[in-house]
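got a sequence here, can you build the structure:
(chains A and B)
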Amino acid sequence: MNQENKLQLETVTLGGVNLTLSPQDKSQPEWIGQEEILKQLLACWLVVAKEDMPLSPRIVGMPGIGKTTLGMVAARNRKQPLYIFQCTSDTRPEDLLITPVLSEQGKISYHASPLVTAMISGGICILDEGNRMNEKSWASLAPLLDHRRYVESIIAGIQIPAHKEFRCCVTMNQDESTFEIPDYILSRLQPTLSLGMPTEQDEMAILKYHLPFVRHDMVELTVQFLQKSHQLDLDFSPRDGLHILQYAVKRLAQDPEHPLSSDKAWKEAVEGILGEDALDLDKLAERKRRALGNERLPMGLGDFFFGEGDPLHPDLDR
Amino acid sequence: MSELFTLSDRIEFLPVVHGSGQFMRVVRQRLLGKTYDCLAVCLPPEFQSTVETGITHLPYITASFQSEEDGTQNYVPIDPTQPVIAGLRIALQENIRREFIDLPVSRFEPRKSIFPDTLALSQLTLEEFAVTLLPSLKKPPADSQQDLRIRWMAHQLHRLELECENLIFICSMLDWPWIKAAYDSLEKFPQPEKTNNPDLFGIEHSTLTFALSELPYVTSLYEKRREELRSDKTAEIDGVKEILLRAREKFLERHKVKYHNLSSQAFQVYLQYVRNLSLMESRLTPDLYTLAMAAKQVGGDSFAIALVEAAREYPYQEKEEYFDTMTLGIDQGTFGDDTPVNLKNRLQETELVWRTLDLKPQPDWKKQDEWKYTWDPHGQCSWPPEDDKIESFNTHVREQTKLLLANDLARSEKFTSSVKDGIDIRDTLRNWHTGDIYVKEIPPSRGKVEIVLFLFEMEPVPERYPWRQTWYAEHNEESTLCFFATNYIDNMIGPGIGQATYGGCMMMFPPRPIPNIWDDPRMKLSETLEERLLEAAFFHSQERHVTVVSPAPPPAAWRKLARHYHRRIIHIPLKRFSNQTIEKVRQFHVLNGKQVRSFAQRFISDF
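The predicted structure follows:
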């Protein structure tokens, strides 16, 4: 057994029960742009006094824009061990806490979930895609998310208090969920940090970071395409951009004898990844322009103080 | 007063950070705590007349503007929480001599510096605060405007010393050690330059935020407490809490929602989060951006809008005053026309940054009328994210109904060979004396649920819900929808976007076309809106069970109606679902054509 496997099988004894802990997430993601939301997440986890409690925020946004990455980077920023629990519609309360496993000797051993491991070791847990999980599973977390900060495992018959450094956050996709999360859980998952689409500059940096080997003009073309789709409120994310470029590059490299033009390969990739309609953004933009007429879209906080076309408007350049 | 601020046996310093309510309180305490025969301030003499006139009109906010050669205006905001203005206000009230001793300059050079949060002054003395800052105060370069002004003010203090017994001088925290040095070393003083006389203008109510050092609501709180002779020691922090309560009031008034999540628990999270955000930015008090952003994240867009509106409330500005008004922006302003003029605030030395936030303010009535007028009666469609939301809710209710139906059929039997759906502990215990084990069997539910009916009020007022429709599905994953709701035309929120609230709705899945239930002559038994919806559900349902989600159990009349059509009501209480979900589902938007979908998100705010 190598060193890494030994670490994964770390155990602790709690209330007379021997628990096998889950392994940490060791990936080292990079966060590009949108510093504000990273600061907001760290603010949620800030504790200023012994009696103070950390907040457990929900991170919402379209799929593929980096919600989990945000949580991972924030955990690294705090230099705490990170654990990720992937929630699904059939996640049961015991999956969330402690699972009995039949060992080789025919005995039952108890395995702590990533969440409970984070609670014991003072780490950070990301409950990924939390809104996929049913009400019953959420209910088992209610005491953990308020001032009590513990969970009770029926299976192991123990109460597990959270380490004072334990923090957590929940990511949620903005698409339709299988289950409605009840009020008493939602009120514990506050605030809601909404992750928006990146700016042109950030999007360029993200694509270049992940695909440094792709030609600049193709990255630029993809960024322009994505930015236009963001303006039209379409659900294309940087992850889609990565897939388009990866596919286009693979298509180009497929047959060196009869090279495909990069433009053609890119269009084929867009069509293959996002569907035929995606190629017609111009038509969509034109329809939007016609429907809006001369109307200006609301821009934000500045609109509260200055009317349309006011030269003093601080957001006019947005 | 300690020796630190004593310039001579006749002169005392009172260094301040401009634009701070905490320093305003210190100025007031020091001025009223001892007898002075003269108050000197760091403003040039030509401002005396207009500034003092403005002070007599407080709490109405004005500003004194002096034009410079290139058209730029430098100005003094007559803001009651400005320490200099508060000092002059007390001197006027106590009949103390006032002297404006800054150097008149033809082109004023503003300074920007980074100060610690002045809320720290509530726990520190002025001396401790000033000493902490002392190492970071840089000596102005020789012959710079700041240096010239300092030397002139030192000279003026020498002059006043000959006439006054007890003088107190309010100056900027950035200047006081250097004025002291210039006074002690009798440095040469410059000659004043020729300047224009300032004019007094009122400030447009909506842009008061840019004139005042505190939020307009907090400033009004200071003035209110002054009128009521109450302590304003905690006004800055109380102000944030009062804004929060006022915002909730405004939110409920506007949206008339029955269920909301703005509980005291939510406010506790909000305040904790706001505190943390402020600390992350090395501040002790939040700014408007932080307050609004946290409100958006805790209470949703609509609550954040209500909060911004509450924060900028300043009732004293609404009364008529005999001043021309001007609109103030960030370092710019307009005086009655659309030409922006560059502005320099003489009493603002703290570095400020404008940060914007995506919020959708309420459109004014003129815009709403315009949008109403341009509505094309032939185009009407839904907003897909709301369709998804209600469909998802519908699926959830359908699943719940199936569970209820299955539970009805559950039965227990003695354990023989199979544990079936688990051991029935209740029956096993009940028959403990026999020693038998009982197991539960939950058979799959019989029948399906085709129609789900939501009634958000038990006895809806027909006048409130004049809009009654039957909408057909756009695709196979969507239900046929019949509903009664408020009229969307009465609440236009954007070009081609109307907002309505369901009173009740009926969803049929899988979808199939049915005649408009509101005109269907076959519905004869119903007399009220909710009964018409129920009757249509019973009439069209191909299944025996019809799910009814309502705040109270179905009354006898509904059951009678169900019996007539040989249907059975499966009741699910509305309270079973999250209040937030219910409000989200109830509010919906009508778009004037599919093309509006491409920009509707920019006008529709989240709950």
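
got the residues of the stretch 101-250 of chain B near chain A?
Taking C-beta under 8 Å from any C-beta of the partner chain as the measure of proximity, the stretch 101-250 of chain B contacts chain A at B:206, B:207, B:209, B:210. C-betas here are computed from N, CA, C, even on glycine.

residues contacting the closest residue to the third one other than its chain neighbours?
With C-beta to C-beta, 6 or more residues apart in numbering or on different chains as the criterion, residue B:209 has its nearest non-adjacent residue at 5.6 Å, and that residue is residue B:312. For residue B:312, the residues meeting the contact criterion (C-beta atoms under 8 Å, 6 or more residues apart in numbering or on different chains) are A:304, A:305, B:206, B:208, B:209, B:215, B:216, B:217.

quick revisit: now, which of the residues of the stretch 101-250 of chain B next to chain A lie within strands?
Judged by DSSP state E, those include no members of strands.

return the member of those residues nearest to residue A:145.
Comparing these against residue A:145 with C-beta to C-beta places residue B:209 closest, at 36.4 Å.

burial count for that closest one?
Residues within reach of residue B:209, counting by other C-beta atoms under 10 Å in any protein chain shown, total 20.

pretty sure it is touching residue B:287, no?
No: with contact defined as C-beta atoms under 8 Å, residue B:209 does not count as touching residue B:287 (10.3 Å).

quick revisit: closest one of the contacts of residue B:312 to residue B:323?
Proximity of those to residue B:323 (C-beta to C-beta) peaks at residue B:208, which lies at 13.8 Å.

state the distance from the closest one to residue B:252.
25 Å (C-beta to C-beta, to the nearest Å).

which residue of those two possesses the greater neighbour count?
More crowded of residue B:208 and residue B:252, by other C-beta under 10 Å: residue B:208, with 23 against 14.

the more buried one touches residue B:60, doesn't it?
No: the pair residue B:208 / residue B:60 is not scored as a contact, 10.7 Å apart, by C-beta under 8 Å.

and for these two, which residues touch both?
Residues touching both residue B:208 and residue B:60 (C-beta under 8 Å, 6+ apart) are residue B:317.

tabulate the contacts of residue B:312 in CSV, adding columns for pLDDT and distance to residue A:27.
Formatted as CSV, the contacts of residue B:312 follow (pLDDT from 0 to 100; distance: C-beta to C-beta, whole Å):
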residue, pLDDT, distance to residue A:27
A:304, 79, 42
A:305, 80, 44
B:206, 85, 49
B:208, 89, 50
B:209, 87, 44
B:215, 90, 43
B:216, 92, 48
B:217, 93, 46
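
out of those, what pair is the most spread apart?
Greatest spacing in the contacts of residue B:312, by C-beta to C-beta: A:305 and B:217 (14.6 Å).

quick one: residues in contact with the helix or strand hosting residue B:266.
Assessed by DSSP states H and E, residue B:266 sits inside helix B:264-280. Residues outside helix B:264-280 that contact it (C-beta under 8 Å, 6+ apart): A:39-40, A:42-44, A:46, A:48, A:52-53, A:55, A:187, A:190-191, B:240-241, B:244, B:284-286, B:290-291, B:293-295, B:297-299.

what element comes up after that helix heading to the C-terminus?
Criterion used, DSSP H and E; the element after helix B:264-280 is helix B:288-299.

for stretch B:104-112, measure first residue to last.
Stretch B:104-112 has its terminal residues 20 Å apart, counting by C-alpha to C-alpha, to the nearest Å.

let me fix that: stretch B:37-49
Length of stretch B:37-49, first residue to last, C-alpha to C-alpha: 19 Å.

chain center to it, what's the gap?
Taking C-alpha atoms, centre = their mean, to the nearest Å, the mean C-alpha location of stretch B:37-49 is offset from the chain mean by 38 Å.

buried ones in it?
In terms of neighbour count (16 or more other C-beta atoms under 10 Å in any protein chain shown), stretch B:37-49 has its buried residues at B:38, B:39, B:40, B:41, B:42, B:43, B:44, B:46, B:47, B:48.

adding secondary structure, distance to residue B:112 and pLDDT, write the residues you listed out as CSV.
Formatted as CSV, the buried residues of stretch B:37-49 follow (DSSP: H, G, I helix; E, B strand; the rest coil; distance: C-beta to C-beta, whole Å; pLDDT from 0 to 100):
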residue, secondary structure, distance to residue B:112, pLDDT
B:38, strand, 30, 90
B:39, strand, 27, 91
B:40, strand, 24, 92
B:41, strand, 21, 92
B:42, coil, 16, 90
B:43, coil, 19, 91
B:44, coil, 20, 92
B:46, helix, 24, 91
B:47, helix, 21, 91
B:48, helix, 26, 90
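
brilliant, that's me finished.
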